[in-house]
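Chemist: sequence first, predicted coordinates after that:
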Amino acid sequence: MVQEQAPQNVSLQFEDVHQQNESYIVGMWTFLVTEIMFFGAVFATYLVYRVANHTAFWEAHLRLDIPLGFINTCVLLTSSLTMALTVHYAQRQMPKQQLLWLSVTMALAMAFLVVKGFEYHHKYVEGLIPGPNFRFEPAEYFRPAQLFFSLYFAMTGLHALHVLIGVLVMAVMAVLIAIRHSSVQDFIPVELVGLYWHFVDIVWIFLFPLLYLIPR
Amino acid sequence: MALANGHDSHTHIVPIRVYLLVYAALLVLLVLTVGAAYLPGRHTLLNNVIALTIAIAKAVLVVLYFMHVRYSTRLTWLWASAGFFWLLIMFILTLGDYFTRHWVPAIGWE
Amino acid sequence: MKGVQLLPEQASTFASQVDLLFWFLVAVTVFFTVLIGALVVYFALRYRRGSTASRAGAKETDLRLEISWSLIPLTIGLIVFVWAAKLYASAYGPPPENALEIFVIGKQWMWHVQHPNGIRENNELHIPAGRPVKLTMISQDVIHSFFVPAFRIKRDVLPGKYNVVWFTATKPGKYHLFCAEYCGTQHSRMIGWVYVLEPADYEKWLASGGEARPYATASGAGTMAGVSTASLKEAGEKLYTQLRCNACHGATDGQRGPTHYGLFGKKVKMRDGTVVTADEEYIRESILRPLAKVVDGYEPIMPSYEGLLNEERVLQLVAYIKSLESSTKVAEVKP
Amino acid sequence: MSVTVAKPGEVRHNYLNAGDTVLSWLLTTDHKRIAILYLVSVSFFFLVGGLLAGLIRLELLTPQGDLMTSENYNRVFTMHGVVMIFLFLIPVIPAVLGNFLVPLMVGARDLAFPRLNLASWYLYMAGGLIATWAMVTGGVDTGWTFYPPYSSSYSTSQVTLTIIGAFIIGFSSIATGINFIVTIHKMRAPGLTWFRLPLFIWAHYATSVIIVLGTPVVAITLLLVVAERVFRLGIFDPALGGDPILFQHLFWFYSHPAVYIMVLPAMGVISEVVSCFSRKRVFGYHFVAFSSVAIAVIGFLVWGHHMFTTGQSVYAGMVFSLLSFLVAVPSAVKVFNWTATMYKGTIDLRAPLLYVMGFIGLFVIGGLTGLFLAALATDVHLQDTYFVVAHFHYIMVGGTILGYMAGLHFWWPKITGRMYPEGIAKLTALVIFAGFNLTFLPQFVLGFLGMPRRYHWYPEEWQMLHVMSTAGAFLLGIGFILPVFYLLWSLRTGALAGPNPWGATGLEWKVDSPPITHNFEQTPIVTEEPYAYDNHHEPEEVFSGTGASTTKR
Ligand code: HEA
Ligand code: HEA
Ligand code: CUA
Ligand SMILES: [Cu+2]
């Protein structure tokens, strides 16, 4: 392909850095909109069934571990803060601090996944995985409770998948920063990952009260 | 590469103090939701409203400060709100069906 | 190959009303299609390159024109909307009090019909002309759709939920019954006939237990399932004792469970404060999933009968409970 | 404008001869080459879908259903629907013409994210291959709507695989949508304000918004069906505690707006072509531009009109019906404005314009019959009958495909540098128009008579109408096969086009045909309104009658 003269670090299709940065930010937000709708559809499903099976969902939610959920919420909120700090230092061109806070964020994200893993394991032990081995007392609520846990796993599973993707992306980013790769000298890549990460946090902000804190 | 003049004139660097304040607010709100869920008595509707209001407040804080929408262009505002707005449409029209299932057609429509 | 048929038969009160609207819409469609088609062709020829037609006064925009051609379609649209919505509300609204009640069960791939007096039919439905008929329908598996083109009615038949449709047939005859919602391999064979009988013939048909058949069955279009001796509610009554429902449900409230006398159509207050009208759907749900809605003042002790009863038996129980008129005065809850 | 163009006869570098290894195509990030990749793959799937349509029509020739078994018939129409909708009609105009033209029209060197663009093609191909694989290993028989509980608990066909294919294609669509949105917002050439944008761009913008807001919903919904199928999670099957109507809500939340994904880009094409061959500005530019946005917005609020007979609440039905009538208004505005554009124009009746005229007529019929379905009482009778089948084929084949044909012919010289043969192209347009009406007009009658759709068997008295429809389908098939031959043929023998064979306005006509890899040698500066045909001097060739210089390469 013919390489034309273009300022460093500005892709060929863009006029200048400013246009490029703006494009990336707008592009990321547009992507986040698709994510909102993606999760939104499951939330809508959840709302419809919760309205229809209020009592049963309440019974079922008692099996969730509120303390663990609470800890995980704190973990995720903190990781959002550290991610914001990462971006802050990226903007101020301070790679060391940037790397530090990025690593903390990553560690928190993994902590979240570990806690989630424990929760899933408990559910498995208690026979709360929907399917042939699902057990629930009182038996009257068996079916709606199974529905609740179907949704619980669908929603938290999708969310956990997003966390996992976040961790992987952050890992790549950390390596790039460590080796001072040219593609991360700008703060935009970090900002984009940050936007994604905060979005994942927002999803959890809604998941926690909806699943764990159903009022009587 | 270092942008020519340190940083692009269009990027706003949010001071760390603001981040910390927002973080503190988020934690306070979190404690409030958990607390509200343990309120004695049966306040189904009220509780739901409280929980959701707090969740929305938290999300707004994150969007405005952590995600810098407060300092962004109108376009970013537009997209950030469009997503949530469309979600609302989906909820309202879908739930609208479920909530009106048992209504009987009004007199005069027969 | 038979001759070309261009118009469907009109055999219900609803049919002629729908057709009026239909032809109005056809008129609108033809009008606009011809108008626009003619203009496009005319302009293409008249203003073709090289023609000498005057181009003076050509406009790039004209707000008044544009507003009027937004408002005209809007107005026509609103007229059609109101017209159609009224008709729909009458057809899908509550059926008249005196409607004949018939139950329909859809399953892959047949229609099963239960008349209140116990007659059962498969893929056939006998009804009298001139009397409203209310069908309460449910599916045993996937979604089906009950469609009688000559009546212009159609209603999906869902699993897990009663759907109701009603109509008044006007013209005795034999009409197609189709399943209109795709339901699997034999979807196109899930068909049958609706026989509309003169009231007198209908009485005869009833009296003969469904044996008297004024119309010959077309080849391949369904067979009679035979006649049960008991009527629907008698069958339900037998089940009711068999399943020992009466252990908890007596003649009055204040037993372990609320009474079923006078329940149908009543407004029932639930534990969580909501008020529900006791219709077929509610009774069905109460039997299969009693804890979904717990009646105020009672403990949630009723066992679930889900999996123990097929839809046919549930229908019998529902029919029986509906037949229990209030012998004692049952206090009605105001909403 | 300070863009230099090639002199006739001079062979210049262009995007086509910028590299001819297979790899140079498979790894390209040039939006124009990606458009060509899409053109080839989309055409392939159209032929597959068309062959399946041929099978449907052959089967329906006789009422007894004797050509194939019911199982196979159900698979055939399902795969026809899936292929035509997900693999052909949704991507066709955005991914081929849109990909090629959006950067050119806004004066950019490429889309904002060229690698994402390439990825979208690979996603499309991956999804397409998975769907094809599902087809050859048994096919699907759920109907393209995948309604549970049939799809989740009863069907024994390749539902999971097909859905995964559709899911992946969804992401390809999203990638294209994001790319267009960012490009249109951020990469317009200096001076190219919103109201100087071609209407094609407005239409693609509106389309992209729908894609971005809608596609994720159907993606996750279909995924939930797969979860229910594979893990027996009870989400939509009532036997497991779910509600099948909820699936329909979520499915149509996307799939109704999706019909506007299919038609809006075609409307964009119509605006370009009609004004060029009338040599007049599009009448009421602002109304036409805003009507695209209005369709996109209101189009999101009407999905319940597919559910009038399901047991959805009567009130919800009324709201959805009312909104459906509102969405007809912006469509009406467009139709009237195009007609008014031709009034007192200087009309050059070329093949693209013939297709446009076909579009207008057939779209009006298709749209107005949509009103029969949006009206509650008539829909009760017509829902799930051939009336619906005829309605959507009128819009999708008579509308979108004719719009696509118009665009393909119109920009063919720009894409390939060669003219298509005018005479046979006009003839083909007429064959398609005739064949189309013969195929689908009888289906309106069938629907009114009560013929349900997805029926393998049908009552004898309706055979005559089916015979007509089948005959029409074969004429239509011939009509669609012809362009394949003459367009390919024109690649070698067509007259050289020159940069602007139609004397059209718009930035894409200011560069070479075919354009160079980076489109513009310098960023163009826009100083005039779109469609400024009056202050334009026509290139000589336009009036020479051949449409282009006859120099051979
Ligand atoms: C590109 C595709 C496309 C488009 C653009 C449309 C456009 C419209 N559609 Fe269609 N539709 C489909 C594709 C499309 N549809 C498909 C695929 C299905 C079946 C899905 C399935 O079940 O498999 C379907 C089904 C469908 C149904 C459900 C039928 C049923 O199953 O019961 C309904 C009901 O309201 C409907 C309505 C409409 C309306 C009101 C419009 C409007 O947008 C049309 C607006 C246009 C006009 C009105 C014409 C121009 C206006 C004038 C000339 C002026 C005069 C106007 C007035 C007097 C108002 N469509
Ligand atoms: C873009 C969308 C699109 C397109 C272009 C078409 C094109 C055609 N469709 Fe299709 N159709 C759908 C979308 C589309 N369809 C959908 C969504 C459904 C609903 C599915 C469902 O119910 O789930 C449907 C259903 C459907 C049915 C109803 C089936 C049923 O309910 O039982 C019928 C019946 O006539 C039909 C016919 C046709 C015909 C004759 C064409 C023709 O226009 C095709 C013409 C094209 C060719 C023929 C290909 C090119 C030519 C060749 C390859 C040459 C060789 C072929 C021959 C000589 C025949 N279609
Ligand atoms: Cu039953 Cu189709
Ligand atoms: Cu629709």
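Modeler: Nice, I can see it. Ligands and ions are numbered 1, 2, ... in the order given.

Chemist: now the phi/psi pair for the closest residue to residue D:205 other than its chain neighbours, please.
Modeler: Excluding the flanking residues, the one nearest residue D:205 by CB to CB, 6 or more residues apart in numbering or on different chains is residue D:184, at 5.1 Å. Backbone N, C-alpha and C define where each C-beta goes, glycine included. Backbone torsions for residue D:184, taken as degrees, to the nearest 10, come to phi -70, psi -40.

Chemist: contacting residues for residue D:184?
Modeler: Counting by CB atoms under 8 Å, 6 or more residues apart in numbering or on different chains, residue D:184 touches D:102, D:106, D:197, D:201, D:204, D:205, D:208.

Chemist: quick check: the residue nearest the centre of chain B vs residue A:41, distance?
Modeler: In chain B, the C-alpha nearest the mean C-alpha coordinate belongs to residue B:56, at 3.3 Å (CA atoms, centre = their mean). To residue A:41, residue B:56 is 19 Å away according to CB to CB, to the nearest Å.

Chemist: what's around the closest residue to chain D within the stretch 1-150 of chain C, how many residues?
Modeler: When scored by CB to the nearest CB, the stretch 1-150 of chain C has residue C:149 as its residue closest to chain D, at 2.5 Å. Neighbours of residue C:149 under the rule other CB atoms under 10 Å in any protein chain shown: 25.

Chemist: and it, how far from ligand 1?
Modeler: According to CB to the nearest ligand atom, to the nearest Å, residue C:149 and ligand 1 sit 14 Å apart.

Chemist: can you check the pLDDT for that residue?
Modeler: Note on residue C:149: pLDDT of 95.

Chemist: now the nearest residue to it once chain neighbours are set aside, what are its backbone angles?
Modeler: In space, and not counting its chain neighbours, residue C:149 is closest to residue D:450: 2.5 Å by CB to CB, 6+ apart. Note on residue D:450: its backbone torsions stand at phi 110, psi 10 [degrees, to the nearest 10].

Chemist: what's the answer for the one 3 residues further on, then?
Modeler: The phi and psi values for residue D:453, taken as degrees, to the nearest 10, are phi -80, psi 170.

Chemist: for the helix or strand containing residue D:128, packing partners?
Modeler: In the assignment (DSSP states H and E), residue D:128 maps to helix D:114-136. The contact analysis (3 or more CB pairs under 8 Å, 6 or more residues apart in numbering or on different chains; DSSP states H and E) places helix D:114-136 against helix D:31-59, helix D:159-186.

Chemist: of these, flag the one that's most buried.
Modeler: helix D:159-186 (a mean of 24; mean count of other CB atoms under 10 Å in any protein chain shown).

Chemist: check the offset of that helix from the chain's centre.
Modeler: 15 Å (CA atoms, centre = their mean, to the nearest Å).

Chemist: for the next helix or strand after that helix, packing partners?
Modeler: Counting by DSSP H and E, the element after helix D:159-186 in chain order, helix or strand, is helix D:199-231. Helix D:199-231 sits against helix A:17-52, helix A:142-178, helix B:74-100, helix D:99-106, helix D:159-186, helix D:244-278, helix D:285-298, with contacts defined as 3+ CB pairs under 8 Å, 6+ apart.

Chemist: for residue A:140, find the nearest of the helices and strands packed on helix D:114-136.
Modeler: helix D:159-186 (32.3 Å; CB to CB).

Chemist: rewinding a little: can I get the helices and strands packed on helix D:114-136 in CSV including mean pLDDT and distance to residue D:460?
Modeler: Converted to CSV, the helices and strands packed on helix D:114-136 look like this (pLDDT from 0 to 100; distance: least, CB to CB, whole Å):
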stretch, mean pLDDT, distance to residue D:460
helix D:31-59, 95, 15
helix D:159-186, 94, 33
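
Chemist: among those helices, which is nearest residue C:248?
Modeler: Across these, closest to residue C:248 is helix D:159-186 (CB to CB), at 43.7 Å.

Chemist: which ones are touching the closest residue to ligand 2 within chain D?
Modeler: Nearest residue of chain D to ligand 2 (CB to the nearest ligand atom) works out as residue D:50 at 1.9 Å. By CB under 8 Å, 6+ apart, the contact set of residue D:50 is D:477, D:480.

Chemist: same deal with residue D:251?
Modeler: Residues near residue D:251 by CB under 8 Å, 6+ apart: D:145, D:146, D:147, D:218, D:221.

Chemist: could you measure from it over to residue D:147?
Modeler: Counting by CB to CB - residue D:251 and residue D:147 are separated by 8 Å.

Chemist: related to what we said a few turns ago, closest one of the contacts of residue D:251 to residue A:55?
Modeler: Minimum distance to residue A:55 across these is 26.7 Å, recorded for residue D:221 (CB to CB).

Chemist: ok, the closest one - how many residues close by?
Modeler: Neighbours around residue D:221, by other CB under 10 Å: 29.

Chemist: got it, and the one 10 residues further on?
Modeler: For residue D:231, the number of neighbouring residues by other CB under 10 Å comes to 15.

Chemist: and residue D:222, how far from residue A:130?
Modeler: In terms of CB to CB, residue D:222 sits 19 Å off from residue A:130.

Chemist: so between those two, which is more surrounded?
Modeler: Per other CB under 10 Å, whichever of residue D:222 and residue A:130 has more neighbours is residue A:130, with 26 against 23.

Chemist: sorry, back to before: want to throw the contacts of residue D:251 into JSON lines with distance to residue C:302?
Modeler: Below are those laid out as JSON lines (distance: CB to CB, whole Å):
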{"residue": "D:145", "distance to residue C:302": "38"}
{"residue": "D:146", "distance to residue C:302": "37"}
{"residue": "D:147", "distance to residue C:302": "33"}
{"residue": "D:218", "distance to residue C:302": "40"}
{"residue": "D:221", "distance to residue C:302": "35"}
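
Chemist: pipe these into CSV and attach pLDDT and distance to residue C:127 per row.
Modeler: Shown next, in CSV, are these (pLDDT from 0 to 100; distance: CB to CB, whole Å):
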residue, pLDDT, distance to residue C:127
D:145, 94, 32
D:146, 93, 35
D:147, 93, 29
D:218, 94, 41
D:221, 94, 39
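
Chemist: which one of those residues has the most neighbours?
Modeler: Busiest of these [other CB under 10 Å] is residue D:221, holding 29 neighbours.

Chemist: ok, so what distance separates the closest residue to ligand 1 within chain B from residue D:307?
Modeler: Nearest residue of chain B to ligand 1: residue B:93, at 14.8 Å (CB to the nearest ligand atom). According to CB to CB, residue B:93 stands 11 Å off from residue D:307.

Chemist: okay, and the common contacts of those two?
Modeler: Shared contacts of residue B:93 and residue D:307, defined by CB under 8 Å, 6+ apart, comprise residue D:320.

Chemist: just the contacts of residue D:184 now: which is nearest residue C:68?
Modeler: Distance to residue C:68 across these (CB to CB) is lowest for residue D:197, with 26.7 Å.

Chemist: thought the closest one was touching residue D:185?
Modeler: No: checked against CB atoms under 8 Å, the pair residue D:197 and residue D:185 is beyond contact range at 11.2 Å.

Chemist: now the helices for the stretch 301-450 of chain D?
Modeler: D:314-342, D:351-374, D:376-382, D:386-393, D:402-416, D:422-449 (DSSP state H, counting those that start in this stretch).
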